[in-house]
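In: Below are the sequence and a predicted model for it; my questions follow.
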Amino acid sequence: MPVKILTDASRFRQLLMNLIGNAIKFTQTGGITVMAELLQVEQKSILKVDVVDTGVGISEDKLQDIFQPFAQEDSSTTRRFGGTGLELTISRRIAESLGGNLSVVSSPGAGSVFTA
């Protein structure tokens, strides 16, 4: 890893806090892992961060919906876990403003991996 990364520190911190906070909220048992990797893409160094959890997971048909404002997997999710439904929308926008993206791979009961 490099000693320094040139980015907007406030936005990057908010992105990480949103993703880690979301993982904590939806992980009752098991754990959460944050992994960082430096990739070389077209002669540029790109920082890839994965937030991996063993939480409730998300069904495949809902994966893209979770990035929409006020969307959660279903209405029981809001009652059970709370939240506004904006964290992932904001996180994706922050990732894009920093020149990246935010994606997710998930399966109900098996947890999720959010990659920024």
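Out: Cool, the structure landed.
In: pull the helix or strand with minimum mean pLDDT from the protein.
Out: Least confident helix or strand, the chain: helix 75-81 with a mean of 51, by mean pLDDT, DSSP states H and E.
In: packing partners for the helix or strand just after that helix?
Out: Next helix or strand after helix 75-81 toward the C-terminus (DSSP states H and E): helix 87-97. Judged by 3 or more Cβ pairs under 8 Å, 6 or more residues apart in numbering; DSSP states H and E, helix 87-97 is in contact with helix 9-26. To be clear about C-beta, it is placed using only N, CA and C from the backbone, and glycine gets the same treatment.
In: mind listing what's buried in the helix it packs on?
Out: By 16 or more other Cβ atoms under 10 Å, the buried positions in helix 9-26 come out as 12, 15-16, 18-20, 22-23, 25-26.
In: who's in contact with it?
Out: For helix 9-26, contacts defined as Cβ atoms under 8 Å, 6 or more residues apart in numbering pick out 5, 32, 34, 49, 51-53, 55-56, 81-83, 87-88, 90-91, 94-95, 97-98, 102, 112, 114, 116.
In: Drop anything exposed from these.
Out: Here, 16+ other Cβ under 10 Å leaves 32, 49, 51-53, 55-56, 87-88, 90-91, 94-95, 102, 112, 114, 116 buried among the contacts of helix 9-26.
In: Could you count how many residues lie near residue 4?
Out: Residue 4 sits with 6 neighbouring residues when counted by other Cβ atoms under 10 Å.
In: Does it fall in a helix, a strand, or a coil region?
Out: coil (DSSP: H, G, I helix; E, B strand; the rest coil).
In: Could you check the pLDDT of it?
Out: Listed pLDDT for residue 4 reads 81.
In: where does it fall, phi/psi-wise?
Out: Residue 4 adopts backbone torsions of phi -130, psi 150, taken as degrees, to the nearest 10.
In: Now do the phi/psi pair for the residue sitting furthest away from the middle of the chain.
Out: The outermost residue of the chain relative to its centre, with distances by Cα atoms, centre = their mean, is residue 43 at 25.9 Å. Dihedral pair for residue 43: phi 60, psi 20, per degrees, to the nearest 10.
In: And it, how close does it get to residue 94?
Out: Going from residue 43 to residue 94 by Cβ to Cβ, to the nearest Å gives 25 Å.
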